[in-house]
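K.L.:
Quick one, structure for this:
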Amino acid sequence: MKQMRNAASSIPTASKLNDFFEEQLGEIYWAEKKLAKVLPKLEKAATASELKECFHKHAEQTHNHVTRLENIFEQMGKKSHATKCPAMAGITEEESDIIDDTQEGSSHRDAALIMTAQKAEHYEIATYGGLKELAKTMGYDDIAEILNETLNEEKETDKKLTRVAEMEINHQASLEPSTV
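P.N.:
Below you'll find the model as predicted:
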(Lines give C-alpha, C1' and ligand atoms only; values in the text may rest on other atoms or scores of the structure.)
Protein backbone atom coordinates (compact mmCIF):
# COMPACT_ATOMS: atom_id res chain seq x y z
CA MET A 1 0.00 0.00 0.00
CA LYS A 2 1.27 3.42 -0.93
CA GLN A 3 1.91 5.65 2.08
CA MET A 4 -0.01 8.88 1.53
CA ARG A 5 0.70 11.79 3.83
CA ASN A 6 -0.38 15.35 4.06
CA ALA A 7 2.82 17.36 4.39
CA ALA A 8 1.14 19.99 6.56
CA SER A 9 -0.38 17.62 9.09
CA SER A 10 1.78 14.49 8.67
CA ILE A 11 -1.11 12.10 9.27
CA PRO A 12 0.02 8.55 8.48
CA THR A 13 -2.29 6.12 6.74
CA ALA A 14 -2.06 3.88 9.83
CA SER A 15 -4.00 6.19 12.14
CA LYS A 16 -7.31 6.16 13.97
CA LEU A 17 -8.53 8.85 11.59
CA ASN A 18 -7.67 6.66 8.61
CA ASP A 19 -9.44 3.69 10.27
CA PHE A 20 -12.54 5.85 10.77
CA PHE A 21 -12.33 7.04 7.16
CA GLU A 22 -12.25 3.44 5.90
CA GLU A 23 -15.14 2.50 8.19
CA GLN A 24 -17.24 5.36 6.84
CA LEU A 25 -16.34 4.42 3.26
CA GLY A 26 -17.65 0.92 4.01
CA GLU A 27 -20.92 2.33 5.32
CA ILE A 28 -21.53 4.68 2.40
CA TYR A 29 -20.60 1.84 0.03
CA TRP A 30 -23.31 -0.30 1.68
CA ALA A 31 -25.74 2.63 1.49
CA GLU A 32 -25.11 3.23 -2.21
CA LYS A 33 -25.52 -0.47 -3.01
CA LYS A 34 -28.78 -0.50 -1.07
CA LEU A 35 -30.03 2.61 -2.86
CA ALA A 36 -29.16 1.06 -6.22
CA LYS A 37 -31.76 -1.61 -5.38
CA VAL A 38 -34.35 0.75 -3.86
CA LEU A 39 -34.40 3.57 -6.44
CA PRO A 40 -36.04 1.48 -9.20
CA LYS A 41 -38.81 0.62 -6.69
CA LEU A 42 -39.29 4.31 -5.94
CA GLU A 43 -39.43 5.05 -9.67
CA LYS A 44 -42.09 2.39 -10.14
CA ALA A 45 -44.11 3.65 -7.16
CA ALA A 46 -44.04 7.30 -8.25
CA THR A 47 -46.84 8.78 -10.33
CA ALA A 48 -45.49 12.08 -11.68
CA SER A 49 -43.33 11.61 -14.77
CA GLU A 50 -40.80 14.20 -13.54
CA LEU A 51 -40.37 12.29 -10.29
CA LYS A 52 -40.04 8.98 -12.11
CA GLU A 53 -37.32 10.54 -14.28
CA CYS A 54 -35.52 11.95 -11.24
CA PHE A 55 -35.45 8.52 -9.57
CA HIS A 56 -34.35 6.87 -12.82
CA LYS A 57 -31.47 9.28 -13.37
CA HIS A 58 -30.33 9.02 -9.77
CA ALA A 59 -30.37 5.22 -9.98
CA GLU A 60 -27.92 5.49 -12.88
CA GLN A 61 -25.76 7.92 -10.90
CA THR A 62 -25.86 5.62 -7.88
CA HIS A 63 -24.33 2.80 -9.90
CA ASN A 64 -21.51 5.23 -10.76
CA HIS A 65 -21.17 6.13 -7.07
CA VAL A 66 -20.70 2.45 -6.22
CA THR A 67 -17.99 2.17 -8.89
CA ARG A 68 -16.25 5.31 -7.62
CA LEU A 69 -16.19 3.94 -4.08
CA GLU A 70 -14.72 0.67 -5.35
CA ASN A 71 -12.04 2.73 -7.12
CA ILE A 72 -11.32 4.62 -3.90
CA PHE A 73 -10.84 1.38 -1.98
CA GLU A 74 -8.53 0.20 -4.75
CA GLN A 75 -6.51 3.43 -4.66
CA MET A 76 -6.06 2.91 -0.94
CA GLY A 77 -4.86 -0.64 -1.52
CA LYS A 78 -7.95 -2.05 0.21
CA LYS A 79 -10.58 -4.54 -0.83
CA SER A 80 -14.05 -3.01 -1.23
CA HIS A 81 -16.16 -3.88 1.77
CA ALA A 82 -19.70 -2.92 2.65
CA THR A 83 -20.56 -2.37 6.29
CA LYS A 84 -24.26 -2.11 7.07
CA CYS A 85 -25.23 1.51 7.48
CA PRO A 86 -27.93 1.76 10.17
CA ALA A 87 -28.98 5.25 9.05
CA MET A 88 -29.59 4.25 5.43
CA ALA A 89 -31.19 0.98 6.50
CA GLY A 90 -33.76 3.01 8.44
CA ILE A 91 -34.35 5.47 5.61
CA THR A 92 -34.86 2.73 3.02
CA GLU A 93 -37.21 0.90 5.39
CA GLU A 94 -39.20 4.14 5.67
CA GLU A 95 -39.33 4.36 1.87
CA SER A 96 -40.83 0.87 1.71
CA ASP A 97 -43.35 1.76 4.42
CA ILE A 98 -44.40 4.85 2.45
CA ILE A 99 -45.10 2.73 -0.61
CA ASP A 100 -47.15 0.31 1.51
CA ASP A 101 -49.00 3.03 3.44
CA THR A 102 -49.96 5.44 0.65
CA GLN A 103 -52.46 5.21 -2.16
CA GLU A 104 -51.08 4.22 -5.54
CA GLY A 105 -51.34 7.02 -8.09
CA SER A 106 -51.72 9.76 -5.48
CA SER A 107 -49.80 13.01 -5.24
CA HIS A 108 -49.64 12.32 -1.52
CA ARG A 109 -47.48 9.28 -2.25
CA ASP A 110 -45.24 11.31 -4.56
CA ALA A 111 -44.82 14.03 -1.92
CA ALA A 112 -43.95 11.41 0.70
CA LEU A 113 -41.50 9.69 -1.66
CA ILE A 114 -39.77 13.00 -2.32
CA MET A 115 -39.45 13.75 1.37
CA THR A 116 -37.97 10.38 2.26
CA ALA A 117 -35.69 10.43 -0.80
CA GLN A 118 -34.40 13.79 0.40
CA LYS A 119 -33.64 12.25 3.78
CA ALA A 120 -31.37 9.79 1.95
CA GLU A 121 -29.80 12.63 -0.07
CA HIS A 122 -29.13 14.70 3.04
CA TYR A 123 -27.47 11.73 4.73
CA GLU A 124 -25.31 11.19 1.64
CA ILE A 125 -24.45 14.89 1.40
CA ALA A 126 -23.31 14.93 5.03
CA THR A 127 -21.31 11.73 4.61
CA TYR A 128 -19.60 12.66 1.34
CA GLY A 129 -18.86 16.15 2.64
CA GLY A 130 -17.25 14.72 5.76
CA LEU A 131 -15.32 12.06 3.85
CA LYS A 132 -14.03 14.65 1.40
CA GLU A 133 -12.67 16.79 4.23
CA LEU A 134 -11.08 13.79 5.94
CA ALA A 135 -9.47 12.76 2.65
CA LYS A 136 -8.02 16.26 2.22
CA THR A 137 -6.71 16.24 5.79
CA MET A 138 -4.95 12.93 5.22
CA GLY A 139 -3.48 14.02 1.89
CA TYR A 140 -5.71 11.84 -0.27
CA ASP A 141 -6.21 14.67 -2.75
CA ASP A 142 -7.26 12.44 -5.67
CA ILE A 143 -9.77 10.67 -3.45
CA ALA A 144 -11.09 14.01 -2.18
CA GLU A 145 -11.76 15.05 -5.79
CA ILE A 146 -13.69 11.83 -6.46
CA LEU A 147 -15.73 12.29 -3.29
CA ASN A 148 -16.43 15.91 -4.23
CA GLU A 149 -17.77 14.84 -7.62
CA THR A 150 -20.24 12.49 -5.93
CA LEU A 151 -21.08 15.15 -3.32
CA ASN A 152 -22.00 17.60 -6.08
CA GLU A 153 -24.24 15.02 -7.77
CA GLU A 154 -26.02 14.32 -4.48
CA LYS A 155 -26.60 18.06 -3.94
CA GLU A 156 -27.97 18.41 -7.46
CA THR A 157 -30.36 15.49 -6.94
CA ASP A 158 -31.62 17.10 -3.74
CA LYS A 159 -32.27 20.35 -5.63
CA LYS A 160 -34.09 18.47 -8.40
CA LEU A 161 -36.31 16.71 -5.87
CA THR A 162 -37.19 20.08 -4.34
CA ARG A 163 -38.02 21.53 -7.76
CA VAL A 164 -40.23 18.55 -8.60
CA ALA A 165 -42.08 18.93 -5.29
CA GLU A 166 -42.55 22.68 -5.81
CA MET A 167 -43.73 22.38 -9.41
CA GLU A 168 -47.08 20.73 -8.65
CA ILE A 169 -46.79 17.65 -6.48
CA ASN A 170 -47.03 19.28 -3.06
CA HIS A 171 -49.91 21.52 -4.18
CA GLN A 172 -51.77 18.59 -5.76
CA ALA A 173 -51.23 16.51 -2.61
CA SER A 174 -52.70 19.31 -0.50
CA LEU A 175 -55.93 19.08 -2.53
CA GLU A 176 -56.41 15.34 -2.05
CA PRO A 177 -59.08 14.62 0.56
CA SER A 178 -58.13 12.99 3.83
CA THR A 179 -59.20 9.40 4.35
CA VAL A 180 -59.28 9.76 8.14
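K.L.:
Next, the closest residue to residue 73 other than its chain neighbours: secondary structure please.
P.N.:
Using Cβ to Cβ, 6 or more residues apart in numbering and skipping the chain neighbours, the partner closest in space to residue 73 is residue 80 (4.4 Å). No exception for glycine: its C-beta is placed from N, CA and C like everyone else's. When classified by DSSP: H, G, I helix; E, B strand; the rest coil, residue 80 comes out as coil.
K.L.:
my read: residue 80 touches residue 69, true?
P.N.:
Yes. Using Cβ atoms under 8 Å, residue 80 makes contact with residue 69 at a distance of 7.0 Å.
K.L.:
so what sits against both of these two?
P.N.:
residue 29 (Cβ atoms under 8 Å, 6 or more residues apart in numbering).
K.L.:
The two: who's more crowded?
P.N.:
Taking other Cβ atoms under 10 Å, residue 80 and residue 69 do not tie; residue 69 has more neighbours (24 against 15).
K.L.:
Not counting sequence-adjacent ones, nearest residue to the more buried one?
P.N.:
Nearest non-adjacent residue to residue 69 (Cβ to Cβ, 6+ apart): residue 29, at 4.6 Å.
K.L.:
What of residue 99?
P.N.:
residue 45 is the one closest to residue 99 (Cβ to Cβ, 6+ apart), at 4.7 Å.
K.L.:
Could you pull up phi and psi at that neighbour?
P.N.:
phi -80, psi -20 (degrees, to the nearest 10).
K.L.:
Helix or strand: which one has the residue positioned nearest the centre of the chain?
P.N.:
In the chain, the residue lying closest to the centroid (Cα atoms, centre = their mean) is residue 124, at 4.0 Å. Taking DSSP states H and E as the criterion, the element that holds residue 124 is helix 107-137.
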